[in-house]
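S.K.: Sequence first, predicted model second:
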Amino acid sequence: MRVYESDAIRNIGIVGHGACGKTSLTSALLFAAGAVNRLARVEEGNTVTDYEDEEVERKISVSSALAHCEWNKTKINILDTPGYRPFLSDTKLALRAADAAVVILDGVAGVEVQTEKVWEFADDFGLPRIMIINKLDRDNASLERSLQSVHETFGRSAIPVQLPLGLEKEFTGVVDLIAGKAYRYERDGSGKFQEIDVPAELQAEADAAREKLVEMVAETSDQLMEKFFEAGTLEGDDLLAGLQNGVMSRTVVPVLFTSAVLNIGTHRVLEAIVNLLPSPAAARARGIDPRTQEPVERPVSSGEPYSAYVFKTVADPFTGRISVFRLYSGLMKSDSTYHNQTKERPEKFGPLQALQGKTMTPVGEVHAGDFFAVTKLKETTTGDTFCDPAKPIVFPAVEIPEPSITFAIEPKSRGDEDKLSNALARTAEEDPAIRYSRDAQTKQLLLAGSGQLHVEVTVAKLRKRYGVEVLLKTPKIPYRETIKGRADVQGRYKKQTGGHGQYGDCKIKMEPMPRGTQFEFADEIFGGAIPRNFIPAVEKGIVEAAAKGFLAGYPVVDFKVTLYDGSYHSVDSSEMAFKVAGSMAFKKAMEEAQPVLLEPIMNVEIYAPQDYAGDLMGDLTSRRGRLQGMDIRRGIQVIKAQVPMAEMVTYSPSLTSMTGGRGSFHMEFSHYDEVPAHIAQKIIDEESREKEQETD
Ligand SMILES: Nc1nc2c(ncn2[C@@H]2O[C@H](COP(=O)(O)OP(=O)(O)O)[C@@H](O)[C@H]2O)c(=O)[nH]1
Ligand SMILES: [Mg+2]
């Protein structure tokens, strides 16, 4: 493998809505640049970047993958990313490591829901962009419609630098407006093309399009504006330089045209990546100085002390952990020890590897701006920074949205519990968007992800890679019980039939306490009505009974018990007897004290385009939600509400169908509140039915 200097590198993230052709275009680019020797296809499951089992099987990308090729002596690192919503966290993590975004549109569909999302990601990271309208060979492909949707959604920065030669069945290539040349391709996927003059019948259209482009570029600088006014146009070099500037300052987004599966226009895309997009050296590495917490930056240059960021971890069942790095500054070599600043410890590196999808090739050293992978690092996880401890810098980690859907999982075969927790830990390492935990109350193992498909893919991974079959279930709601009234009762346990008997007797008062106080026990025994050593036993009896619940088996909380009287027997009394007396008193008191069920209430924030606000609020009302406020952020409607957790279990798929996938939401626990009586009765009935089934 060659070593590339920073200015001979381009790092691009290929992004777009699912199925717009990102993986196919990656495949075509690799073939066009000669990095692979055939045009691999998503349908055949042989592409470089969709190599995971789940990707081959489902024919969609579920995680980002890295590939590279060389064009005009420049190394192009390509991050092919997922485009479906449940996997977009991974797209965001990958873009964090890129220097530019190549935004792909399906030429039939135009801008789609996730196109907007990935466009925003590129904004968040300040990435220059080019745009590609793909699938121009398809029936109903339309340039006007696609461009109109682009302008409506993203403003006027997008501007074609090409014209297509034909469309649909006639799409054979492109006119390059900058070079004033046309490129006509064979339609057999071979990538063979001829450079030709702009066809006469397209000349007028090409001139008009070029003029628009020139005007737009002229506006990017005063100097170009002057030249433009003097000469009435901009010539080759000025146009190119102006375009580069416009791209860098993110005021211009050049638009190109392709058919990825027919391999048409791909060489022009490689040209555009090399000529229009910046090298890593054009930006500075920005982070935080861990000693002062102040922002620091440095040039992306091999002459600087080393700093690198782990943007991806692959849990390979054979190779083990593979950490994928973006090197920001300095150079790194195989078989050296480097400092993980985030974990504050050294790690021994084996060989540095270049990644072509899943294929690794050792490289001796890597220079600033490039990517590499290392296997079997011990402590390193996604989001870690490595740097020279003498000149430390930490790169901020990417914020991963909270999961939106939670399932309870259990292994199909008992005894697989350990295997499952090990498999989950490894899976979570490579996919920071999944979360798993054991619910302290329901004891269920919970697996949360960004959508049903995300959880299903995770479960499939658990099965295929780690051989653990799991069942997915709707999670139990951690209801609780409490009281609204007071009680004053006696609990007396007496068994005195021959021999050693049992005797315990207590009088307690029970009263409600504020939410969140759990349980309080007051000992007001004076004068030894119950001997001191038995008093903790009474409390223990109450605590144990409260944990088992009274109405429907859920823990009783937020109440106070005052032990104020009792009696004992000098021979028959024991801790055991007082514990039983305590639990008897508890049950009696519950009967009197108006027990009720409590349910967890969530703070929910819903984000969707404004048109959906009415439907969404109606739906929230039907879920017993209470509206807390509304807001518009970045043109997006934000609805805040408090909704019972039980009503949110099915929210993720409903929101998707209500908003055509445009909505998203976030929720977190707020507090416990009383379950309305008619619903409480259903929960209690359900619980007793389950109990019966268990004892059958
Ligand atoms: N007709 C046509 N189909 C394409 C083109 N690019 C991709 N496809 C098909 O669109 C589907 C999705 O492609 P894929 O590359 O997996 O999209 P991704 O989700 O953006 O990675 C596959 O069936 C491809 O064969 C194209 O340029 N023309
Ligand atoms: Mg893909």
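M.R.: Received, thanks. Ligands and ions are numbered 1, 2, ... in the order given.

S.K.: For the chain, what lies in contact range of ligand 2?
M.R.: Counting by CB under 5 Å from the ion, the chain comes close to ligand 2 at Lys22, Thr23, Ser61. Any C-beta I mention is one placed from the backbone N, CA and C, and that applies to glycine too.

S.K.: Name the member of those with the most neighbours.
M.R.: Of all these, the highest neighbour tally under other CB atoms under 10 Å goes to Lys22, namely 32 neighbours.

S.K.: Which residue is the nearest non-sequential neighbour of it?
M.R.: Nearest non-adjacent residue to Lys22, counting by CB to CB, 6 or more residues apart in numbering: Ile14, 4.7 Å away.

S.K.: burial of the residue of the stretch 501-650 of the chain found nearest ligand 1, as a residue count?
M.R.: Per CB to the nearest ligand atom, Pro609 is where the stretch 501-650 of the chain lies closest to ligand 1, at 23.0 Å. Here the count is done by other CB under 10 Å, and Pro609 has 15 residues near it.

S.K.: ok so, going back, what are the pairing partners of the host helix or strand of the residue nearest to Lys22, and which direction each?
M.R.: According to DSSP states H and E, Ile14 maps onto strand 9-16. Strand 9-16 has the following strand partners under DSSP bridges: strand 74-80 (parallel), strand 100-106 (parallel).

S.K.: what would those strands look like in JSON lines with mean neighbour count?
M.R.: Listed next are those as JSON lines, based on neighbours: other CB atoms under 10 Å:
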{"stretch": "strand 74-80", "mean neighbour count": "25"}
{"stretch": "strand 100-106", "mean neighbour count": "26"}
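
S.K.: Hmm, Asp80 and the residue nearest to Lys22 touching each other?
M.R.: Yes - assessed by CB atoms under 8 Å, Ile14 is found in contact with Asp80 at 5.3 Å.

S.K.: Find residues that contact each of those two.
M.R.: Residues touching both Ile14 and Asp80 by CB atoms under 8 Å, 6 or more residues apart in numbering: Lys22, Thr26.

S.K.: so what's whichever residue of the stretch 301-450 of the chain sits closest to ligand 2 closest to, chain neighbours aside?
M.R.: Here the stretch 301-450 of the chain gets closest to ligand 2 at one residue, Gly357, 12.1 Å apart by CB to the ion. Nearest non-adjacent residue to Gly357, counting by CB to CB, 6+ apart: Val48, 3.8 Å away.

S.K.: And Leu270, by the same measure?
M.R.: Leaving aside its chain neighbours, Leu270 sits nearest to Trp71 (4.2 Å; criterion: CB to CB, 6+ apart).

S.K.: Number of residues surrounding that neighbour?
M.R.: For Trp71, the count of nearby residues is 20 (other CB under 10 Å).

S.K.: ok, and the closest non-adjacent residue to the residue of the stretch 501-650 of the chain closest to ligand 1?
M.R.: Leaving out its chain neighbours, the residue that sits closest to Pro609 by CB to CB, 6+ apart is Arg662, at 5.5 Å.

S.K.: Just the buried positions in the strand or helix carrying Met360, please.
M.R.: For Met360, the host element (DSSP H and E) is strand 359-363. Buried residues in strand 359-363, counted by 16 or more other CB atoms under 10 Å: Met360, Val363.

S.K.: Likewise for stretch 186-196?
M.R.: Neighbour counts over stretch 186-196 (16+ other CB under 10 Å) mark Arg187, Gly189, Gly191, Phe193 as buried.

S.K.: ok, and what's touching that stretch?
M.R.: With contact meaning CB under 8 Å, 6+ apart, stretch 186-196 is reached by 28, 31-32, 39, 137, 172-173, 181-185, 261-264, 266-267.

S.K.: How far off centre is it?
M.R.: 39 Å (CA atoms, centre = their mean, to the nearest Å).

S.K.: and if you look at stretch 270-281?
M.R.: 28 Å.

S.K.: Need the residues that contact that stretch.
M.R.: Contact partners of stretch 270-281, identified using CB under 8 Å, 6+ apart, comprise 6-12, 29, 32-33, 69, 71-72, 74, 76, 99-100, 102, 128, 130, 161, 240, 243-244, 247-248, 254, 256, 299-301, 328, 368-370.

S.K.: Geometric centre of the chain: which residue is closest?
M.R.: Centrality entry for the chain: nearest residue to the mean C-alpha point is Ser89, 3.0 Å, by CA atoms, centre = their mean.

S.K.: does that residue count as helix, strand or coil?
M.R.: Here Ser89 is recorded as helix under DSSP: H, G, I helix; E, B strand; the rest coil.

S.K.: quick one: contacts for it?
M.R.: Shown in contact with Ser89 (CB under 8 Å, 6+ apart): Ile400, Pro401, Asp431, Pro432, Ala433, Ser450.

S.K.: Let me know how buried the second one is, in neighbour terms.
M.R.: Spelled out, it's Pro401. Pro401 has 13 nearby residues by other CB under 10 Å.

S.K.: ok, now Pro295?
M.R.: Other residues close to Pro295 by other CB under 10 Å number 11.

S.K.: Run through the bridge partners of the closest residue to it other than its chain neighbours.
M.R.: Once flanking residues are discounted, Pro295 sits nearest to Ile288: 6.1 Å by CB to CB, 6+ apart. With DSSP bridges as the criterion, Ile288 is bridged to Pro295, Val394.

S.K.: thought Ile288 was touching Pro396?
M.R.: Yes - counting by CB under 8 Å, Ile288 touches Pro396, with 6.7 Å between them.

S.K.: who has more neighbours, these two?
M.R.: Ranked by neighbour count (other CB under 10 Å), Ile288 and Pro396 place Ile288 first, with 16 against 13.

S.K.: and the more buried one, what does it touch?
M.R.: Per CB under 8 Å, 6+ apart, neighbours of Ile288: Glu294, Pro295, Val296, Ile393, Val394, Pro396.

S.K.: Now tabulate the residues you listed in a markdown table and tack on distance to Thr656.
M.R.: Formatted as a markdown table, the contacts of Ile288 follow (distance: CB to CB, whole Å):
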| residue | distance to Thr656 |
| --- | --- |
| Glu294 | 42 |
| Pro295 | 38 |
| Val296 | 42 |
| Ile393 | 40 |
| Val394 | 36 |
| Pro396 | 30 |
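
S.K.: farthest-separated two in those?
M.R.: By the measure CB to CB, the contacts of Ile288 have their two most distant members at Glu294 and Pro396, which lie 13.1 Å apart.

S.K.: packing partners for the helix or strand Lys540 falls within?
M.R.: Applying DSSP H and E as the criterion places Lys540 in helix 535-548. For helix 535-548, the elements it packs on are strand 502-512, strand 519-523, strand 559-567, helix 575-592, judged by 3 or more CB pairs under 8 Å, 6 or more residues apart in numbering; DSSP states H and E.

S.K.: buried subset of the contacts of stretch 186-196?
M.R.: By 16+ other CB under 10 Å, these give 28, 31-32, 39, 137, 172-173, 182-185, 261-264, 266-267 as buried.

S.K.: mind listing which of the residues you listed are in strands?
M.R.: Gly173, Ala182, Tyr183, Arg184, Tyr185 (DSSP state E).

S.K.: Out of these, flag the one nearest to His339.
M.R.: Nearest to His339 among these, with distances taken as CB to CB, is Tyr183, at 48.7 Å.

S.K.: OK, contacts around the closest one?
M.R.: Tyr183 makes contacts with Leu165, Gly173, Val174, Asp176, Phe193, Gln194, Glu195, Ile196, Gly265, His267, Arg268, as judged by CB under 8 Å, 6+ apart.

S.K.: what does Met360 give?
M.R.: Listed by CB under 8 Å, 6+ apart, the contact set of Met360 reads Ile322, Gln353, Ala354, Ala373, Thr375.

S.K.: same thing but at 10 Å, please
M.R.: Residues near Met360 by CB atoms under 10 Å, 6 or more residues apart in numbering: Thr319, Ile322, Pro351, Leu352, Gln353, Ala354, Phe372, Ala373, Val374, Thr375.

S.K.: where's it relative to Ser334, distance?
M.R.: Note on Met360: its distance to Ser334, by CB to CB, to the nearest Å, is 12 Å.
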